[in-house]
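Enquirer: okay, sequence plus prediction incoming.
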Amino acid sequence: MRVRSAFIHAGQDEAYGQYEGGVMFQEDIEKVYDEIDYKKKQPDFLGKTVRASKRQFPQIFWMVEDMAKTAGINDPAVYVYEDYYYGAESYGIGSSWIELSAKTIQDFTDKELRFVLAREIYKIADGVTRQRTMMEERFKIIRQMAPEQFEKSSKLSFYHWYRLANYSADNYGFLACGSVKSSVDAILKMVLNSVMLAEQVDVKEFISQASEIDGLDDTVLNYTKADESVPYAPHRIQNLLAYAVSDRGMRAKIEEGR
Amino acid sequence: MLGKIVTLYRKAEMGVVNALSGMTEKVMEETGFYDIGYMQTQIGRIQKEINRIENEIKAGIEIEEYSDYGKKHRSELMGQRERLLHRMVFLATNSFRNLDDCVKLADGHGFVFMRCVQGLREYHAGHKDEAFQIMEAYYRQYGSVEGHFLVNKVFGLLLAEKGMHQKAASFLTYALQFIPDDIETLEALQLCYERTKETERREVVGEVLAVLGDKGVCV
């Protein structure tokens, strides 16, 4: 099992404390979701996707089983669906699952797949998936009860924490796949949705786009940046490189190899 | 006309949401890497705040507010201004280009940290021994320079040149937390790990250099 402090973003727990203060209806949402919404999804999963198993997408099945064991959680089901886009996302409150697009399996190397799946395993293990699913349900309720501005501000607090959790997920993914290059390539492919585009990226120059983003500073620009649930790719790569060469990251990686 | 109203309304709405969440200005701190955009934004924000404080101090003097409260408030504002100026100089000295301007700005303020800046200037002028003496003396007295990329990088480079690779590696690693794609620092760190025979660490740095397209990489 990986020690949480070895990969978690330094500001994540503080951000959760701020967001947690505004959390409402937690128990009610959980109950309704597990008893109705989750059940409503089950026939669709079984009828419209392929569940990874020892006989169907076995490499995905074994990969997830191995990573779930390392994380100390039950194996989440992985549902493979057909889509034009790359995608790997976990969902659920009481029980969790991963939705993975077939195009991702087709175009990602084994190490890149490990990176994207490990990110989701981390989110499930650390309760990030649970909070995200719950937050989406909560937005539906807030929308009907309070002014739109309230929903938006509540969303921004959540996104702040969720972005930090995504940096932690990248660090975790790097430890699981063991390669800086595969981690960076997986991020690029996911964001650009194309192997060809990802191959054209000059990482050094791409990172400099983060500087331009940071230079954009006024009410509208800051709002737009805060309204993103996942950090921008250049920031994610910067964070990943910083983690890889940090003493903490090095120790964790070396420990992983033993 | 309608365009103006809609723009004003949407900006006001974003302002309300920003104020309610208190999150939008913090976005940049989520990574906090010292790239040019980050530095310009931070320094711009500090300058704006310094201007606001100076205007408030000026207004207090103009209306001849000399009550005890007025004096206390003014002294608090002066303290705030001093802290902001220190922060601005501290950030701006992360680039060699700003050193001379920062020395002028900090003149008469007694910022202890400016001794390190003197070390940076000597280094930039090619006087490495003088730079090392100044910086080593500073570190010996104060222990660390937290949150400064350039001071940690330069001291790390100087230590490496003097063959103190183990010690150099910790300064260079710390510097990379602020600019993780700085090739010169990465190359020096890789060399340190080579000398200390820490193969796994050397390989990771090598991989980062390769990802960044550095040609002379030994992975």
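Expert: Structure received.
Enquirer: did I read that right, A:Ala10 in a strand?
Expert: No - going by DSSP: H, G, I helix; E, B strand; the rest coil, the assignment for A:Ala10 is coil, not a strand.
Enquirer: what is the burial count for it?
Expert: When neighbours are counted by other CB atoms under 10 Å in any protein chain shown, A:Ala10 registers 12. In this view, the C-beta of every residue, glycine as well, is placed from N, C-alpha and C.
Enquirer: that one and chain B: what is the separation?
Expert: 9 Å (CB to the nearest CB, to the nearest Å).
Enquirer: confirm that B:Tyr34 sits in a strand.
Expert: No - B:Tyr34 is assigned coil when assessed by three-state DSSP, not a strand.
Enquirer: up against chain B, what does the stretch 51-200 of chain A have?
Expert: A:149-150, A:152-154, A:156-157, A:159-160, A:163-164, A:167, A:179-181, A:184 (CB under 8 Å from any CB of the partner chain).
Enquirer: and the end-to-end length of stretch A:211-230?
Expert: This stretch, stretch A:211-230, spans 17 Å end to end (CA to CA, to the nearest Å).
Enquirer: average pLDDT for it?
Expert: Per-residue pLDDT over stretch A:211-230 has a mean of 90.
Enquirer: again with stretch A:87-96
Expert: Mean predicted confidence for stretch A:87-96 is 93.
Enquirer: likewise for stretch A:59-74?
Expert: Across stretch A:59-74, pLDDT averages out at 97.
Enquirer: kindly report the same for stretch A:128-143.
Expert: 83.
Enquirer: please enumerate the helices of the chain.
Expert: No chain specified, so I'll use chain A. A:12-20, A:26-32, A:38-48, A:58-71, A:102-107, A:110-125, A:128-145, A:148-177, A:180-192, A:195-200, A:203-215, A:219-226, A:233-245, A:247-257 (DSSP state H).
Enquirer: hm, I was asking about chain B
Expert: Under DSSP H, chain B gives helices at B:2-21, B:36-62, B:68-92, B:99-106, B:114-124, B:128-142, B:149-161, B:165-176, B:183-195, B:199-211.
Enquirer: which one, of these, ends up nearest to A:Arg55?
Expert: helix B:199-211 (35.9 Å; CB to CB).
Enquirer: would you turn the helices of chain B into CSV with mean pLDDT, distance to A:Ala233 and mean neighbour count?
Expert: CSV is the format used below for those (pLDDT from 0 to 100; distance: least, CB to CB, whole Å; neighbours: other CB atoms under 10 Å in any protein chain shown):
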stretch, mean pLDDT, distance to A:Ala233, mean neighbour count
helix B:2-21, 65, 24, 14
helix B:36-62, 91, 16, 15
helix B:68-92, 91, 26, 15
helix B:99-106, 95, 33, 15
helix B:114-124, 97, 33, 21
helix B:128-142, 96, 37, 16
helix B:149-161, 98, 23, 23
helix B:165-176, 98, 20, 22
helix B:183-195, 98, 21, 21
helix B:199-211, 97, 14, 20
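Enquirer: mind putting the ones you listed into CSV with distance to A:Lys41?
Expert: Below are these laid out as CSV (distance: least, CB to CB, whole Å):
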stretch, distance to A:Lys41
helix B:2-21, 31
helix B:36-62, 42
helix B:68-92, 49
helix B:99-106, 59
helix B:114-124, 59
helix B:128-142, 59
helix B:149-161, 48
helix B:165-176, 44
helix B:183-195, 46
helix B:199-211, 39
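Enquirer: would you reformat those as CSV and include distance to chain A?
Expert: Below are the helices of chain B laid out as CSV (distance: least, CB to the nearest CB, whole Å):
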stretch, distance to chain A
helix B:2-21, 4
helix B:36-62, 3
helix B:68-92, 13
helix B:99-106, 20
helix B:114-124, 22
helix B:128-142, 18
helix B:149-161, 12
helix B:165-176, 5
helix B:183-195, 7
helix B:199-211, 4
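Enquirer: for A:Leu46, which of those helices is the nearest?
Expert: helix B:2-21 (39.6 Å).
Enquirer: number of nearby residues for A:Arg251?
Expert: 13.
Enquirer: contacting residues around the residue most central in space within chain B?
Expert: Among the residues of chain B, the one closest to the centroid is B:Leu91, at 3.1 Å (CA atoms, centre = their mean). Under the criterion of CB atoms under 8 Å, 6 or more residues apart in numbering or on different chains, the neighbours of B:Leu91 are B:Tyr34, B:Met39, B:Gln42, B:Ile43, B:Ile46.
Enquirer: selecting buried members of the residues of the stretch 51-200 of chain A next to chain B in ChimeraX, what would you type?
Expert: Listed next is the ChimeraX selection for buried residues among those, using 16 or more other CB atoms under 10 Å in any protein chain shown:
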select /A:150,152,153,154,156,157,159,160,163,164,167,179,180,181,184
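Enquirer: CA atoms only: put stretch A:18-35 into PDB for me.
Expert: Extracted C-alpha coordinates of stretch A:18-35, given in PDB (Å, rounded to 0.1, in the frame of the first residue of the first chain):
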ATOM      1  CA  GLN A  18     -12.800  24.700   3.100                       C
ATOM      2  CA  TYR A  19     -15.100  22.800   0.700                       C
ATOM      3  CA  GLU A  20     -16.400  20.400   3.400                       C
ATOM      4  CA  GLY A  21     -17.800  23.400   5.300                       C
ATOM      5  CA  GLY A  22     -20.300  24.000   2.500                       C
ATOM      6  CA  VAL A  23     -21.300  20.300   2.100                       C
ATOM      7  CA  MET A  24     -25.000  19.700   2.500                       C
ATOM      8  CA  PHE A  25     -27.400  16.800   2.300                       C
ATOM      9  CA  GLN A  26     -24.600  14.300   2.300                       C
ATOM     10  CA  GLU A  27     -26.500  11.300   3.800                       C
ATOM     11  CA  ASP A  28     -29.700  12.000   1.800                       C
ATOM     12  CA  ILE A  29     -27.800  12.100  -1.500                       C
ATOM     13  CA  GLU A  30     -25.900   9.000  -0.700                       C
ATOM     14  CA  LYS A  31     -29.100   7.100   0.100                       C
ATOM     15  CA  VAL A  32     -31.000   8.300  -3.000                       C
ATOM     16  CA  TYR A  33     -28.000   7.700  -5.300                       C
ATOM     17  CA  ASP A  34     -27.300   4.100  -4.100                       C
ATOM     18  CA  GLU A  35     -31.000   3.100  -4.100                       C
END
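Enquirer: give me the neighbour count for A:Leu221.
Expert: 16.
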